[in-house]
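> Fold the following, please.
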Amino acid sequence: MKILSIDTSSKICGVSVLDNENLICNLDTVTENSHSVSLMPMISSSLKKANLELKDIGLIVCDVGPGSFTGIRIGIATVKGFCDSLNIPCIGISSLEALAYPILYSEFNKNIIDNSANLVCSILDCKNENCYFALYQRNSELIDNNSQISKNINDNNILDKNDLTTLIEPKAESLEATLAILDSYCQDNFDTFTLTFVGDGSVNFKEKILVSFPDAKFADTSYNELNSYYLGLAGLLAYNNGCETENILPLYLKKPLAQRQLEEKEKIEKLVNSEHLESKIKFLGLRQDTDSIYSAMDYMIFPSLYEGISIALIEAQISGLKILASDTIDKNTDISGNIEWISLNELPSEWCKHIINVKDREIDKEKVVDYDIERTTKKLQDIYIKLGE
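As a prediction, the model looks like this:
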């Protein structure tokens, strides 16, 4: 059976063509935010290289997430269009399962302790110390060394429905909660276990993972990016095991950012109303005249859990505002000396003391001169002129 595998859930746009478990063609390319432009030409190119047409495909496998909301929609919409028009069965596979698949079958897990549980945690960084994760277990004995996946999968019987068990379904949690959930589950269910982490979260969170799991193993870097070939193999396993092929839906573990922001705003507005502060607190929404608003302010309070160099704070300083900001923000943001740092762990009363004692605004033009748009424009113009000479 010929299989078309499509992955658009991350920065990588991936297309593979398989003949059962055997790879015919693989195109996995980093396209960032241009999946809608790249996907169809990649599918066309892959089929051409495989000397096939879309009508020759017997199964389409699609990554349903978690991952990029836009990327997931692009992939699923494309697959559903193909399937509905040509009556081709389709299978949706979680990106977390696709990541776990090659690890569960690889040489990497040959050195597990006898009788210990062979576990794989797929973990994806979804920013701000949050992650998507799932836990899987390989049940059967390790298979021989002559294989299609890194020469570690048995060609005679690689797809056995008893091989893979999902222990913890895909979830979206903070990193702290994720590690606590994993630790509790493993300690409660296994006397001994070998736990391997795979995915970009295994790299970005490695130090913190090792605090909770000192004996943890980490997949080779080549396994940490999603691969449409492994996605196709996971889809073939699901298909052979009778997985539903009529409908695929996106796996959204988190609400879209815009929806989360709206809900947070409504929550704050409700709190303001409950304290009868409507006349004292204004919600100005998105504005194009922030320079005028900064000029009307006396002081800026900027608590933030996660922040790099804040453009908003840069603009406020150029307007001469004094600022009270949480110490979680990159200190390079302070270009004027007008930012006072305070911990988010301090009581509200401590924040109030700083606000009450604020001094009048002042602008040190020498400190902020490099942020003047006319001066910056002139600098850029000089650079371009020099390059053109």
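
> Now Asp63: which helix or strand?
Secondary structure assigned from DSSP states H and E places Asp63 in strand 59-65.

> how big is the angle separating the helix or strand following that strand from strand 59-65?
For strand 59-65, the succeeding helix or strand toward the C-terminus, using DSSP H and E, is helix 69-86. Between the axes of helix 69-86 and strand 59-65, defined by axes from the mean of the first three to the mean of the last three Cα atoms, to 10 degrees, the angle is 160 degrees.

> okay, whichever helix or strand comes after helix 69-86 in PDB with CA atoms only?
Remark: after helix 69-86, the chain's next helix or strand is strand 90-94, criterion DSSP H and E. Output in PDB follows, covering the C-alpha atoms of strand 90-94 (Å, rounded to 0.1, in the frame of the first residue of the first chain):
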ATOM      1  CA  CYS A  90      -6.900   9.100   6.200                       C
ATOM      2  CA  ILE A  91      -5.400   8.700   9.700                       C
ATOM      3  CA  GLY A  92      -4.600  11.500  12.200                       C
ATOM      4  CA  ILE A  93      -1.600  11.000  14.400                       C
ATOM      5  CA  SER A  94      -0.400  13.100  17.400                       C
END
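
> Give me the mean pLDDT for strand 90-94.
Mean per-residue pLDDT for strand 90-94: 94.

> List the pairing partners of it within its sheet, with orientation.
Strand pairing for strand 90-94, using DSSP bridges, gives strand 59-65 (parallel).

> which residues sit in contact with Val30?
When contacts are counted by Cβ atoms under 8 Å, 6 or more residues apart in numbering, Val30 touches 11-13. All C-beta spots, glycine's among them, are computed from the backbone N, C-alpha and C.

> and which of those is nearest Thr29?
Cys13 (5.7 Å; Cβ to Cβ).

> Low-confidence regions, the stretch 201-350 of the chain specifically.
Low-confidence segments of the stretch 201-350 of the chain (pLDDT under 70): 246.

> What segments of it are strands?
Along the stretch 201-350 of the chain, counting by DSSP state E, counting those that start in this stretch, strands occupy 217-218, 299-302, 322-326, 339-342.

> What helices and strands are in contact with the longest one?
In this case it means strand 322-326. strand 299-302, helix 311-318, strand 339-342, helix 348-356 (3 or more Cβ pairs under 8 Å, 6 or more residues apart in numbering; DSSP states H and E).

> circling back to that earlier point, now do the strand holding Asp63, average pLDDT.
On average, strand 59-65 scores 95.

> in it, what's buried?
For strand 59-65, the neighbour count (16 or more other Cβ atoms under 10 Å) marks 59-65 as buried.

> Turn the residues you listed into JSON lines, including distance to Pro214.
Shown next, in JSON lines, are the buried residues of strand 59-65 (distance: Cβ to Cβ, whole Å):
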{"residue": "Leu59", "distance to Pro214": "42"}
{"residue": "Ile60", "distance to Pro214": "42"}
{"residue": "Val61", "distance to Pro214": "37"}
{"residue": "Cys62", "distance to Pro214": "38"}
{"residue": "Asp63", "distance to Pro214": "32"}
{"residue": "Val64", "distance to Pro214": "34"}
{"residue": "Gly65", "distance to Pro214": "31"}
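
> In the beta-sheet assignment, what are the partners of Ile6?
Beta bridges link Ile6 to Val15, Cys62, judged by DSSP bridges.

> What is the burial count for it?
28 (other Cβ atoms under 10 Å).

> need the contact list for it.
Ile6 neighbours (Cβ under 8 Å, 6+ apart): 14-15, 39, 43, 60-63, 75, 78-79, 228, 231.

> right, so the strands of the stretch 201-350 of the chain: which one is the most enclosed?
Highest mean neighbour count of those: strand 322-326, a mean of 20 (counted as mean count of other Cβ atoms under 10 Å).

> and the angle for it with helix 348-356?
Using the same axes, to 10 degrees: strand 322-326 against helix 348-356 is 160 degrees.

> Please save the CA atoms from strand 322-326 in CSV.
Extracted C-alpha coordinates of strand 322-326, given in CSV (Å, rounded to 0.1, in the frame of the first residue of the first chain):
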residue,chain,number,x,y,z
LYS,A,322,9.6,56.3,35.8
ILE,A,323,9.0,52.5,35.8
LEU,A,324,8.5,49.9,38.4
ALA,A,325,9.1,46.5,36.7
SER,A,326,9.4,42.9,37.9
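
> Partner strands of it and their direction?
strand 299-302 (parallel), strand 339-342 (parallel).

> how about those in JSON lines, adding distance to Gly201?
JSON lines is the format used below for these (distance: least, Cβ to Cβ, whole Å):
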{"stretch": "strand 299-302", "distance to Gly201": "28"}
{"stretch": "strand 339-342", "distance to Gly201": "29"}
